[in-house]
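Novice: For reference, the sequence and a predicted model appear below.
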Amino acid sequence: MIQVEHLSKAFFDYRRGWVPAVDDVSFECRPGEIFGLLGPNGAGKTTTLRILSTVLKPTAGRAIVAGHDVVLEPEEVRARIGFMSSNTGVYDRMTAWELVEYFGRLYGIEGDALKARMEEIFSWLQMNEFRDVLGSKMSTGMRQKVSIARTIVHDPPVLIFDEPTSGLDVLVARAVLLKIAELRDRGKTIIFSTHSMQEVTKLCDRVAIIYKGRLQAEGRPGELLERFDQPDLEELFFHLVERADADAVASA
Ligand SMILES: Nc1ncnc2c1ncn2[C@@H]1O[C@H](COP(=O)(O)OP(=O)(O)OP(=O)(O)O)[C@@H](O)[C@H]1O
């Protein structure tokens, strides 16, 4: 379970001054649910996910992840989450098996328990045929599977994916999304960021549309279309962006 309450994060930038990357954002993600953060470039998605994964501290507000406050108990949070971003890579000189084993050990899993968990993951992700392939020799699809494997090796209840399909071809992207859906069906709490309406429509139980750091709307996709009287997610998105821009002009 993830609870985000009035979360804000501002960065100081010499050119732009204080940039409110995340501005008073609140939402909740529940177990067995995929929650999508949908927004354009620079909307504040990555900053939000970095706060949830304890990489960044918020300027204001709070976030509780798997029962622990991200600022007050970061280690408790880190033990209970898997965070995958485009930086969650593989190492050129380690094989698939060695890399996942290495991360398993970092999470404190050892011996038979680690071996059993790895066998389960390698077969679930169909990674057995490239167990012994070095990172430097892997295809993009293989690398993405290894990234998922290292993210879930400690079987965390909460999974945070920052644009997990960015830069992937349609086949690899589809395989990743199917695995994320399976993790949801196993009862995980999943949050992921995307700028793809299609991914949200296909995958998300609930979505938060974020623009310029602010949450513009949040709810089940179908419910949102009804609430704002829009025919599809794309139209809804443009409607919310135009409304936010008009509000910004009016209050300037
Ligand atoms: N370390 C930083 N220093 C200064 N500004 C930052 C920093 N990190 C993010 N920002 C700014 O905060 C805003 C939100 O950025 P963020 O990366 O969270 O957006 P995003 O929705 O993830 O976008 P993208 O889809 O491009 O990754 C942007 O204006 C960005 O330039």
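Specialist: Nice, thanks for sending it over. Numbers count the residues shown, from 1 in each chain.
Novice: Quick one: end-to-end length of stretch 182-192, please.
Specialist: With CA to CA, to the nearest Å as the measure, stretch 182-192 spans 14 Å from end to end.
Novice: Okay, buried residues for it please.
Specialist: By neighbour count on 16 or more other CB atoms under 10 Å, the buried set for stretch 182-192 is 183-184, 188-192. The C-beta positions use only the backbone N, C-alpha and C, and glycine is treated the same way.
Novice: Closest to the ligand out of those residues?
Specialist: Phe192 (11.8 Å; CB to the nearest ligand atom).
Novice: Leaving out sequence neighbours, find the closest residue to that closest one.
Specialist: Closest residue to Phe192 in three dimensions, ignoring its sequence neighbours and counting by CB to CB, 6 or more residues apart in numbering: Phe161, at 3.9 Å.
Novice: returning to that earlier point: in CSV: the buried residues of stretch 182-192, plus secondary structure, distance to the ligand and pLDDT.
Specialist: Shown next, in CSV, are the buried residues of stretch 182-192 (DSSP: H, G, I helix; E, B strand; the rest coil; distance: CB to the nearest ligand atom, whole Å; pLDDT from 0 to 100):
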residue, secondary structure, distance to the ligand, pLDDT
Leu183, helix, 22, 93
Arg184, helix, 22, 96
Lys188, coil, 22, 96
Thr189, strand, 20, 97
Ile190, strand, 17, 97
Ile191, strand, 13, 97
Phe192, strand, 12, 94
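Novice: now, which of the residues you listed sits nearest Arg50?
Specialist: Ile191 (12.1 Å; CB to CB).
Novice: Tell me how many other residues surround Gly61.
Specialist: A total of 18 residues lie near Gly61 under the criterion other CB atoms under 10 Å.
Novice: hang on, isn't it packed against Asp23?
Specialist: No. Under the criterion of CB atoms under 8 Å, Gly61 lies out of contact with Asp23, with a separation of 9.8 Å.
Novice: Output the contacting helices and strands for whatever helix or strand Val172 lives in.
Specialist: Taking DSSP states H and E as the criterion, Val172 maps to helix 170-185. Secondary structure elements in contact with helix 170-185, counted by 3 or more CB pairs under 8 Å, 6 or more residues apart in numbering; DSSP states H and E, are strand 33-38, helix 140-152, strand 158-162, strand 189-194, helix 197-203.
Novice: Pull up the gap between the residue nearest to Phe192 and Val170, please.
Specialist: Applying CB to CB, to the nearest Å, one obtains 18 Å for the distance of Phe161 from Val170.
Novice: what does Tyr91 give?
Specialist: Shown here: Tyr91 relative to Val170, a distance of 27 Å by CB to CB.
Novice: Give me the more crowded residue out of the two.
Specialist: More crowded of Tyr91 and Val170, by other CB under 10 Å: Tyr91, with 13 against 8.
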